[in-house]
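>>> With the sequence up front, the predicted model follows.
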Amino acid sequence: MMQGAVPSTAERRKIHPHKFALWVAMGSIAMMFAGLTSAYIVRQAQGNWVYYHLPNVFTISTVAILLSSVTMILGVRAFKQRKMPQYRVLVTATLVLGILFMALQWVGFKQLYASNVRVDGNPSESFLFIIAGLHLLHIAGGIIAILIVFFRAFRTHIKVYNTTGLEIVASYWHFVDVLWIYLFVFFLANQ
């Protein structure tokens, strides 16, 4: 295509290869968690199952991750509008809320452990720790990506306002947010 030419409709509809890779990865992760929660249900039906209550701190952590998705949406919008001071504040808020989510999850699992809910205990307890622990690993990956976005946001000069990288990070962050909502509701329904 010649420089300065308007891209055709077909060229504009192509998905960026990195975005496509992200969608494939998110599909794989979703299938993994669907398999784990299905195994949870199957094992629960076999008996020898201990029921437990999730500490209230998990509800607070859910609010934190929901708010982080809101700040991420607003941050992407601010970047697209080239409102860099607002964008920096929103990216910082997203990062802080993501770290807060992880810290609250840690507190929740310490409370569970203190009430004798252990990873090496009943299968119900093992499933909880394994599933939520895998989710926390995916959150940690998201926080690393947000850290990269955070450091880039505070560069003194931005030469290109390309939103692709930011959109990929935002899509992944929203995905792990929705995944946690699914897991949280799943665990509440099965306590």
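Nice, I can see it.

>>> what sits against the residue nearest to residue 53 when sequence neighbours are not counted?
Leaving aside its sequence neighbours, residue 53 sits nearest to residue 191 (CB to CB, 6 or more residues apart in numbering; 5.5 Å). (Glycine included, C-beta is placed from N, CA and C.) Taking CB atoms under 8 Å, 6 or more residues apart in numbering as the contact definition, residue 191 lies against 51, 52, 53, 54.

>>> Next step: the residues you listed restricted to helices.
Under the assignment DSSP state H, the contacts of residue 191 contribute nothing to helices.

>>> Neighbour count, distance to residue 37 and pLDDT added to those, as a markdown table?
Listed next are the contacts of residue 191 as a markdown table, based on neighbours: other CB atoms under 10 Å; distance: CB to CB, whole Å; pLDDT from 0 to 100:
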| residue | neighbour count | distance to residue 37 | pLDDT |
| --- | --- | --- | --- |
| 51 | 9 | 16 | 88 |
| 52 | 17 | 16 | 87 |
| 53 | 12 | 19 | 90 |
| 54 | 17 | 15 | 93 |
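
>>> how about those residues in CSV, adding distance to residue 186?
Supplementary listing: the contacts of residue 191 in CSV, determined by distance: CB to CB, whole Å:
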residue, distance to residue 186
51, 14
52, 14
53, 15
54, 11
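
>>> Next secondary structure after the lowest-mean-pLDDT helix or strand in the chain?
Using mean pLDDT, DSSP states H and E, the weakest-scoring helix or strand in the chain turns out to be helix 9-13, at a mean of 62. Toward the C-terminal end, the helix or strand that comes next after helix 9-13 (DSSP states H and E) is helix 17-45.

>>> Residue 163: neighbouring residues, count only.
For residue 163, the number of neighbouring residues by other CB atoms under 10 Å comes to 12.

>>> Chain neighbours aside, what residue packs nearest to it?
Using CB to CB, 6+ apart and skipping the chain neighbours, the partner closest in space to residue 163 is residue 80 (6.0 Å).

>>> Quick check: that neighbour vs residue 14, distance?
The span separating residue 80 from residue 14 equals 20 Å under the rule CB to CB, to the nearest Å.
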